[in-house]
Structure formats: structure tokens, C-alpha cells
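J.: Test case, fold it:
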Amino acid sequence: MRDLSGFTGAGYDVGRGRLTQALWLLVSGTVFVRWWCPARLRVAILRAFGATIGEGVLVRHRVRVHWPWKLTVGDHSWIGEGAWLLDLEPITIGRQVCVSQDVLLCTGSHDRRSPTFEFDNAPITIGDGAWVAARATVLRGVHVGEGATIGATALVVRDVPAHATVTAPPGG
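T.: Predicted coordinates for the structure are as follows:
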């Protein structure tokens, strides 16, 4: 049986101090995700909090970014409405990438063998020209290759080769 009361979070580095974390949570919850916040302002806010964002990037409303200082997005990429970038570890999105609406990119997990359920996190990389379609989920440690397509609602738990297509199972 797990003893969650013993959880320490050992090995996890947020990457910024508590004041910066609190300021990000305030800004992201009150301005960043709102429909009336212009896309250019969203990009500027992400950059102000340490994200590396290329030219011509479009970040739609209701996009959630856990820690912007752990996010890199290449030129002319799109992040669709309602996407959730849960970046406990770095997320790197290449150039000309489309991350569609309601996609989850999740770098965090837990070690199921740990008696205190400690973190088992790893970064995610999305290669240039890839498309992650609506409501797909990409889990920690995955590299999506250049030009790959992740179909709507697909669950990706291992690396995807360049130009490959991953789809959700029929009926799933």
C-alpha cells in the first residue's frame, strides 16, 4: 500500500522562486486564458515569464501553460484553444507545428513502484511540421518526430517516428 503522506517531490525542480510562481498563477488565471486577451499579448506574457517563443506563433484562448519558463515553441506554430501544456519538465514544440484544441501534453507522472508515489517526470518534444490533433494526449518522455501526425483523441505513450501517423483505436 502507498503512503502518500510521505511524498517528498524529490528531484523535481520548479525552476523559479515562489514569488514568480505566484505571479504566473495570478496572471495566467486572470488574463492569459481569457477570450478577450489578444493572441499577441498571450505570446508577450509567455515570453515575459521566460518562455522561448518564435516568430509568428499563435496561442489561442483557454490555453493553459503550467510553467512558461519550461516552454519552447518554434516559429509559426499554433497552439489551439483549450490546450493544456502541463510542463513540469520542458516541452519543446518545433517550427510549423499545429497543437490542436484540447490537446494535453503532460510531462508529469508518478513512479507506481515508489511507496510514497514520487515523481517520474520527463520532457516532451514535438518535431518540426508535426500535427497533434484535437483532444490527443502525449505523455511524458515522448518525442514526436518531424512531420508526424497524432490523430484526434490518440494517446501517445512512446516515441513516434518522423512522418508516422498515430490514431486512436477504433471505438476508443
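J.: Next one: the residue nearest the centre of the chain from Gly127, what distance?
T.: Closest to where the C-alpha atoms of the chain average out (C-alpha atoms, centre = their mean) is Leu85, at 2.5 Å. From Leu85 across to Gly127, the span is 16 Å (C-beta to C-beta, to the nearest Å). C-betas here are computed from N, CA, C, even on glycine.
J.: now do Ala162
T.: 7 Å.
J.: so what sits against both of the two?
T.: 145-148 (C-beta atoms under 8 Å, 6 or more residues apart in numbering).
J.: now, which of the residues you listed sits nearest Val138?
T.: Ala148 (10.6 Å; C-beta to C-beta).
J.: partners of the helix or strand harbouring the residue nearest to the centre of the chain, with directions?
T.: Assigned by DSSP states H and E, Leu85 belongs to strand 84-86. In the sheet, strand 84-86 lines up against strand 64-65 (parallel), strand 104-106 (parallel) (DSSP bridges).
J.: Run through the residues that contact Val57.
T.: Counted by C-beta under 8 Å, 6+ apart, Val57 has contacts 43, 73-79.
J.: Give me the buried entries from the shared contacts of Ala162 and Gly127.
T.: Buried members of these, scored by 16 or more other C-beta atoms under 10 Å, are 145-148.
J.: Let me have the residues you listed in TSV, adding secondary structure, pLDDT and distance to Leu105 as columns.
T.: Formatted as TSV, those follow (DSSP: H, G, I helix; E, B strand; the rest coil; pLDDT from 0 to 100; distance: C-beta to C-beta, whole Å):
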residue	secondary structure	pLDDT	distance to Leu105
Gly145	coil	98	15
Glu146	coil	98	17
Gly147	coil	98	18
Ala148	coil	98	14
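J.: Lovely, talk soon.
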